[in-house]
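A.B. asks: pasting a predicted model and its sequence here:
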Amino acid sequence: MKKRLLFDLLMAQPDGNVKFHGGGEYIKRILKEILDKYLDRIELTVFYDKDRFIDDWLQAELSAKSVCCLDVKDFREVRSLLSKGNFDTFYSGLPYLYTRREIPKSVYAIGTFHGLRAVECPHDDAREYMYALGLKAHTKHRVRKLLTECSDGFKQRRVNNTLAGYRKSLGAYDLVISDSEHSEYTIRNFFPEVKQVATCYAPMKESTLVENDVSKYGDFILLVSADRWIKNSSRAVEAIDELYSRGHLEGVNVVLTGLLPKRVRQRLRYAERFTELGYVSSSELEELYATCRVFLYPTLNEGFGYPPLEAMKYGRTCVVSAVCSVPEICGSAVYYANPYDVTEIENRILQAFAKPIDKAVIEKRLKEVGARQQSDLSKLCELIVKGDMQE
């Protein structure tokens, strides 16, 4: 008898003003693999909000393969589905909102946890403040910062509340999937009660390679997600601006996706050399990866970290953070910097321009990671389709 699988596509839909996000692309890649290779082994039901955006190609595939699609507006509705639907297995690729309140014990639950950001990198107050929008956000930030600085007890309660939230989510799943060895051992470190943890590297995103290598921006350094404090673009642009002030990087500009907060932009002495594009389409982003001279990614936290790999596809030299999962994924094919040290970021940028990394070294690392990504994609889909590891 085929296993009956309920697949969460709701969490792949737009998050606030963000139409596409890494977790959503991950979910869609897993679903596509199941649609392509595993429908003969399972009875698949997918749920999402039919009033919100979902990719045309994905809707077409679900329709062509006669997959049952349920309209769900809120994750809290999932309990009713699981209780009444006679499902054997539930899978979510962004499982943080679900607890045992939503997932009955009678259903074998599998969830992919993309790191534990709030535990690993809970706050960076000086930088977060720059990204806080509006009076309410600023007031909340200042009060939180003041209470944290003045009270060890308040700080510990915040930590305990964060851990308790993760514990509830992790406890809802019979099998926890992590997307890197780094993420797996973060889970094992903080939550030793979680016994079933398996690492499956996040699969490479599907994309069409850009052949054009001529940039309309001239020589440029690329940064992405400049509107998110966790990506650390504020220190990145500070480092580049300081290099400009010393006469370095002549003829080199900066292109950013996402918009810098006003407080960050106002500090720049050479603002005219920074081009902010805001949101860009997937094809536009590919072209930026293909034509940049250096890709700079001083992120403060990653569960896996797609962007450097996206730039490495085109043989680009990358300067990235020496923290979290990034060294595990990128190996020796990039330059590393302490993301909290602006001077070190400056040094690595100069080194990247003076001594670009050999493209053969980059290609070798991409092949190594790509082979594991493909193998782990099959491994993950087998785990989902099999359903119960005890069988």
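C.D. replies: Nice, I can see it.
A.B. asks: and residue 192, how far is that from residue 185?
C.D. replies: 11 Å (CB to CB, to the nearest Å). Every C-beta, even on glycine, is put in place using the N, C-alpha and C of the backbone.
A.B. asks: residue 256 is in contact with residue 231, isn't it?
C.D. replies: No: assessed by CB atoms under 8 Å, residue 256 is found out of contact with residue 231, at 10.2 Å.
A.B. asks: mutual contacts of those two, please.
C.D. replies: Residues within reach of residue 256 and of residue 231 at once, by CB atoms under 8 Å, 6 or more residues apart in numbering, are 223, 224.
A.B. asks: now do the same end-to-end measure for stretch 260-275.
C.D. replies: 10 Å (CA to CA, to the nearest Å).
A.B. asks: heads up, I number from 15, so please use that
C.D. replies: Shifting the count to begin at 15 puts that one at stretch 274-289.
A.B. asks: give the buried residues for that stretch.
C.D. replies: 274, 275, 278, 279, 282, 284, 287, 288 (16 or more other CB atoms under 10 Å).
A.B. asks: I'd say the fourth one and residue 286 touch.
C.D. replies: So the one you mean is residue 279. No: counting by CB under 8 Å, residue 279 does not reach residue 286; the two are 11.4 Å apart.
A.B. asks: in JSON lines: the buried residues of stretch 274-289, plus pLDDT, distance to residue 132 and secondary structure.
C.D. replies: Formatted as JSON lines, the buried residues of stretch 274-289 follow (pLDDT from 0 to 100; distance: CB to CB, whole Å; DSSP: H, G, I helix; E, B strand; the rest coil):
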{"residue": "274", "pLDDT": "94", "distance to residue 132": "24", "secondary structure": "coil"}
{"residue": "275", "pLDDT": "91", "distance to residue 132": "21", "secondary structure": "coil"}
{"residue": "278", "pLDDT": "92", "distance to residue 132": "23", "secondary structure": "helix"}
{"residue": "279", "pLDDT": "94", "distance to residue 132": "28", "secondary structure": "helix"}
{"residue": "282", "pLDDT": "96", "distance to residue 132": "30", "secondary structure": "coil"}
{"residue": "284", "pLDDT": "97", "distance to residue 132": "35", "secondary structure": "coil"}
{"residue": "287", "pLDDT": "97", "distance to residue 132": "35", "secondary structure": "helix"}
{"residue": "288", "pLDDT": "98", "distance to residue 132": "30", "secondary structure": "strand"}
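A.B. asks: looking at this protein, which helix is longest?
C.D. replies: Secondary structure of the chain per DSSP state H: the longest helix is helix 373-400.
A.B. asks: returning to what we had before: of residue 206 and residue 199, who's got more company?
C.D. replies: Taking neighbours as other CB atoms under 10 Å, residue 206 and residue 199 compare with residue 199 leading, 13 against 8.
A.B. asks: quick check: phi and psi at the more buried one.
C.D. replies: phi -80, psi -20 (degrees, to the nearest 10).
A.B. asks: how close does residue 77 get to residue 61?
C.D. replies: To residue 61, residue 77 is 15 Å away according to CB to CB.
A.B. asks: of these two, which one has the most company?
C.D. replies: Counted by other CB under 10 Å, residue 77 and residue 61 do not tie: residue 61 has more neighbours, with 21 against 10.
A.B. asks: hmm, the more buried one is touching residue 84, no?
C.D. replies: Yes: with contact defined as CB under 8 Å, residue 61 counts as touching residue 84 (4.2 Å).
A.B. asks: and for those two, which residues touch both?
C.D. replies: The overlap between the contact sets of residue 61 and residue 84 (CB under 8 Å, 6+ apart) consists of residue 95.
A.B. asks: low-scoring pLDDT stretches of this protein, where are they?
C.D. replies: 31, 136-170, 403-405 (pLDDT under 70).
A.B. asks: all strands of it, in order?
C.D. replies: 17-22, 56-62, 82-85, 103-106, 122-127, 189-192, 211-213, 233-237, 266-270, 288-290, 308-311, 331-335, 349-351 (DSSP state E).
A.B. asks: can you redo the ones you listed as a markdown table with distance to residue 178?
C.D. replies: A markdown table is the format used below for the strands of the chain (distance: least, CB to CB, whole Å):
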| stretch | distance to residue 178 |
| --- | --- |
| strand 17-22 | 23 |
| strand 56-62 | 28 |
| strand 82-85 | 31 |
| strand 103-106 | 20 |
| strand 122-127 | 16 |
| strand 189-192 | 17 |
| strand 211-213 | 19 |
| strand 233-237 | 35 |
| strand 266-270 | 37 |
| strand 288-290 | 39 |
| strand 308-311 | 32 |
| strand 331-335 | 28 |
| strand 349-351 | 34 |
